[in-house]
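[1] 3D, please:
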Amino acid sequence: LLDSFQSFFIETSRIADDHIVANGWPKDRLNYPVAMAAFFNLFRRFRACEILDIKGYPLDDYALMRDIKDRSFLLAGVARNLITFPGIIGAPASPVKDGADYKKRTRNRKDTEHLVTNEFMGKTSGLAGDVQDDLKVWDDFFHLEMHGGGISLSQELTELSKGRLLQIGPSVVQDAYFLYINRSTELGWMVTRLLPYLQINAGEFGANWEAKRQILDESFRHMVEGLSNLGKRLGGSFITMMDTEFSFRQPFHYFEADGSGA
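    Residues are numbered from 1 along each chain as shown. Next up is the predicted model:
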């Protein structure tokens, strides 16, 4: 499934490139080049995670996936017109002095991230309290590995408690690979929902492209449902978020976000 997702992501990127070569950059969509760059960078980060997993470093890519999660939420925020592309980088409304500019951008960017997180999975999302709690735990685990390698350390200590010697090199802990598979499935589903935003006009990538995207969407749903069927409450909570928060206005294609949907 992840191979199919990456192939489809590449296909989508090439189609978008071909449209620009044929028609030029859209003059009335000033931030469309930013959108393309954001998606292309997102693919490279996803691919970097996949390579790390293949090489035997699943929790190192887990740390990187925190960035994929954050970027996906921000792109979804733009696609729902909650924020703007300048807002993602924290651009101030008016120029300020150099030192103050950096601080202002940092504060603006953090405020934007908090707004989007709350809108999609937090206190302003409208999701039930238990769903918010599950998603908060899901979010916290990305932070736990990113800052201090908390999951990695816990797994290594578990191995020691079982009388197993630690080793330098690729991980042999099966649970580490399960974590990668589960999280990459969820993030892949989020990105699959976002890809239509690369279309400058409705249906521009064609019926065949949309049919493939629908198959990927359904396949990711099936994978996440598997978690729920195993008694993992997160599976159902994640599906709830996808169905309520990662559903975009139809027809879904690129538009210049002005943040008025916030």
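[2] tell me the centre residue of this protein?
    Nearest to the centroid of the C-alpha atoms of the chain, with distances taken as C-alpha atoms, centre = their mean, sits residue 72, at 3.1 Å.
[3] ok, it - contacts?
    42, 187, 190, 191, 194 (C-beta atoms under 8 Å, 6 or more residues apart in numbering). Yep, even glycine has a C-beta here, placed from its N, CA and C like the rest.
[4] grab the nearest non-local neighbour of the first one.
    Among residues not flanking residue 42 along the chain, residue 71 sits closest, at 5.5 Å (C-beta to C-beta, 6 or more residues apart in numbering).
[5] for residue 43, see how far away the one you found is.
    11 Å (C-beta to C-beta, to the nearest Å).
[6] which one of those two has more residues nearby?
    Comparing residue 71 with residue 43 by neighbour count (other C-beta atoms under 10 Å), the higher total belongs to residue 71, at 21 against 16.
[7] so which bits of the host helix or strand of the residue nearest to residue 42 are buried?
    Per DSSP states H and E: residue 71 is located in helix 58-79. Across helix 58-79, burial judged by 16 or more other C-beta atoms under 10 Å covers 58-69, 71-79.
[8] which one of the contacts of residue 72 is nearest residue 149?
    Distance to residue 149 across the contacts of residue 72 (C-beta to C-beta) is lowest for residue 187, with 19.6 Å.
[9] who's in contact with the closest one?
    46, 65, 68, 69, 72.
[10] for residue 151, which non-adjacent residue is spatially closest?
    Nearest in space to residue 151, with sequence neighbours left out and distances taken as C-beta to C-beta, 6+ apart, is residue 145 at 4.5 Å.
[11] pLDDT score for the one you found?
    pLDDT for residue 145: 85.
[12] separation between it and residue 209?
    34 Å.
[13] okay, now residue 53: neighbour count?
    Residues near residue 53, counting by other C-beta under 10 Å: 21.
[14] quick one: secondary structure of it?
    Look at residue 53: counting by DSSP: H, G, I helix; E, B strand; the rest coil, its state is helix.
[15] got it, and residue 148?
    Quick answer, by three-state DSSP: residue 148 is coil.
[16] that one and residue 63, how far apart?
    From residue 148 to residue 63 the distance is 10 Å (C-beta to C-beta).
[17] residues near residue 175, how many?
    By other C-beta under 10 Å, neighbour count at residue 175 equals 14.
[18] again, but for residue 151
    Neighbours of residue 151 (other C-beta under 10 Å): 19.
[19] now swap in residue 176 and tell me
    Residue 176 has 20 nearby residues by other C-beta under 10 Å.
[20] ok, now the one 5 residues further on?
    Applying the criterion other C-beta under 10 Å, we find 14 residues in the vicinity of residue 181.
[21] give me the element it is part of.
    helix 174-194.
[22] how about the closest residue to residue 108 other than its chain neighbours, what does it touch?
    With sequence-adjacent residues excluded and distances taken as C-beta to C-beta, 6+ apart, residue 108 is closest to residue 90, at 3.5 Å. Residue 90 sits next to 104, 105, 106, 107, 108, 109, 110, 111, 112 when contact means C-beta under 8 Å, 6+ apart.
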